[in-house]
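Asks: generate a structure from the sequence data that follows.
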Amino acid sequence: MEIQVWSGWLAGLAIGLFVVLHFWLIGKPAGCSTGYGNVCGLLCRRVRYYHEGEYSNKNNIKLWFLIGIPIGGFLSAMHSPDAWHISFDMGMYDEILPQSAAAKAIWLIFGGMLLGFGARLAGACTTGHALVGGAMLNPPSLLAGLVFFASAFFATRLLFGT
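Replies: Down below sits the predicted model:
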């Protein structure tokens with residue numbers, strides 16, 4: 001079975017056009033970390049941090065953007081049913097992750113929480129800094145994107161020795 005994927009240049013062009021179109025239509029840069037904060041705010045009503053500013057707004061466009069990402073992925077997967085199936089296979093990461101499904105789930109949830117915390121600490125997620133900030137030639141975002149990709153490169157070399 002052969003899986004059809006977009007070529008890199010076409011996917012990059014589509015992402016770039018989306019970033020520009022989103023900013024032009026909405027007037028705000030695209031990004032997921034504020035939507036993540038909105039979800040946390042809806043789930044954690046008692047935490048004061050989430051009752052202030054844009055986290056308390058249920059109609060924040062970034063909340064709907066964050067919700068739309070898995071829905072879009074699901075609809076895309078449903079469009080090509082031959083390529084989609086439920087699996088706990090993590091590919092090359094099976095070498096470094098625990099082998100039991102429960103331990104994998106705990107490890108991945110913890111990693112996701114660290115990613116969310118890091119995104120809020122950095123002021124934006126990878127999408128916000130590298131794609132949107134890069135498209136706007138924002139120097140702090142360009143630096144953050146460089147640090148993100150350099151860190152990923154060195155972490156991969158450390159974990160997999162390649």
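
Asks: pLDDT weak spots in the protein?
Replies: In the predicted model, the chain carries pLDDT under 70 at residues 1-4, 6, 34-42, 44-60, 81-84, 162.

Asks: what ranges do the helices span in it?
Replies: 8-26, 33-43, 61-79, 101-122, 126, 134-135, 139-160 (DSSP state H).

Asks: dump those to a markdown table, plus mean neighbour count and distance to Met92.
Replies: Every C-beta, even on glycine, is put in place using the N, C-alpha and C of the backbone. Output for the helices of the chain, formatted as a markdown table (neighbours: other C-beta atoms under 10 Å; distance: least, C-beta to C-beta, whole Å):
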| stretch | mean neighbour count | distance to Met92 |
| --- | --- | --- |
| helix 8-26 | 12 | 19 |
| helix 33-43 | 19 | 26 |
| helix 61-79 | 13 | 21 |
| helix 101-122 | 12 | 14 |
| helix 126 | 19 | 20 |
| helix 134-135 | 16 | 27 |
| helix 139-160 | 13 | 7 |
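
Asks: out of those helices, which is closest to His85?
Replies: Nearest of the helices of the chain to His85, taken as C-beta to C-beta: helix 61-79 at 9.2 Å.
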